[in-house]
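> predicted model follows, preceded by the sequence.
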Amino acid sequence: MASSVDPIGVRRSLPGLGGEPGAGAHRNLEVVPPRRRRRRAKRYVPMLVAGVLVLGSLLAVTGAQAYLMDGQVRLTTLDHQLQQQRSEQRKLQLEVAALEEPARIVAQAQRQGMVQPSNVHDVPSVNPSSRVPAGRQGKASGG
């Protein structure tokens with residue numbers, strides 16, 4: 001019986017090689033190293049999927065946080081602008097109140113040459129729904 005050395009150095013005897021009858025049919029046979037098992041790769045698939053899911057979740061949380069921070073910055077900017085506009089509105093309301101003061105208006109009118117009348121007459125109110133007599137209509141219109 002012939003012997004052979006496999007790649008890891010173990011000497012094995014090969015049946016059918018040597019002086020045995022029927023040896024010619026098996027002359028082309030070789031010792032093949034055992035197959036590596038693929039079970040390890042199958043074990044890592046769930047861990048790989050879990051890792052990708054965790055990484056994806058972290059990326060989604062980071063994106064959402066960035067989106068919220070951007071919204072917060074815009075909100076702060078708008079709040080600051082609102083406070084400035086309210087302050088400007090208060091200032092303008094005080095200015096309008098000062099400009100509407102009657103004493104100031106009278107003083108400004110007198111500076112521009114207006115004088116107070118010595119005699120004040122009240123004009124009677126006219127009801128627009130009342131009819132003017134036909135004879136007086138021409139006089140009322142100035143004709």
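Yes, it's here.

> show me where this protein has strands.
For the chain, the strands defined by DSSP state E occupy 2-5, 11-14.

> so, low pLDDT: which residues of the protein?
For the chain, the stretches flagged by pLDDT under 70 are 1-26, 37-41, 132-143.

> 50 instead?
143 (pLDDT under 50).

> pull the longest helix from it.
Looking across the chain with DSSP state H, the single longest helix is helix 39-99.

> what about residue 61, distance to residue 54?
Residue 61 sits 11 Å away from residue 54, going by Cβ to Cβ, to the nearest Å. Every C-beta, even on glycine, is put in place using the N, C-alpha and C of the backbone.

> ditto for residue 27
Separation of residue 27 from residue 54 (Cβ to Cβ): 57 Å.

> what of residue 114?
As judged by Cβ to Cβ, residue 114 and residue 54 stand 84 Å apart.

> with residue 129 instead?
85 Å.

> swap in residue 34?
Counting by Cβ to Cβ, the separation of residue 34 from residue 54 is 36 Å.

> which of these two has more neighbours?
Set residue 34 next to residue 54 and count neighbours by other Cβ atoms under 10 Å: residue 54 wins out with 10 against 7.

> OK, contacts around the more buried one?
Counting by Cβ atoms under 8 Å, 6 or more residues apart in numbering, residue 54 makes contact with nothing.

> before we move on, what about residue 121?
So residue 121 contacts nothing (Cβ under 8 Å, 6+ apart).

> which phi and psi does it have?
Main-chain torsions, residue 121, degrees, to the nearest 10: phi -120, psi 140.

> residue 47 versus that one, what's the distance?
With Cβ to Cβ as the criterion, residue 121 and residue 47 are 103 Å apart.

> for residue 63, same thing?
According to Cβ to Cβ, residue 63 and residue 47 sit 25 Å apart.

> cool, residue 34 as well?
In terms of Cβ to Cβ, residue 34 sits 26 Å off from residue 47.

> equivalent analysis for residue 35, please.
As for residue 35, its distance to residue 47 is 23 Å (criterion: Cβ to Cβ).

> higher neighbour count, these two?
Per other Cβ under 10 Å, whichever of residue 35 and residue 47 has more neighbours is residue 47, with 9 against 6.
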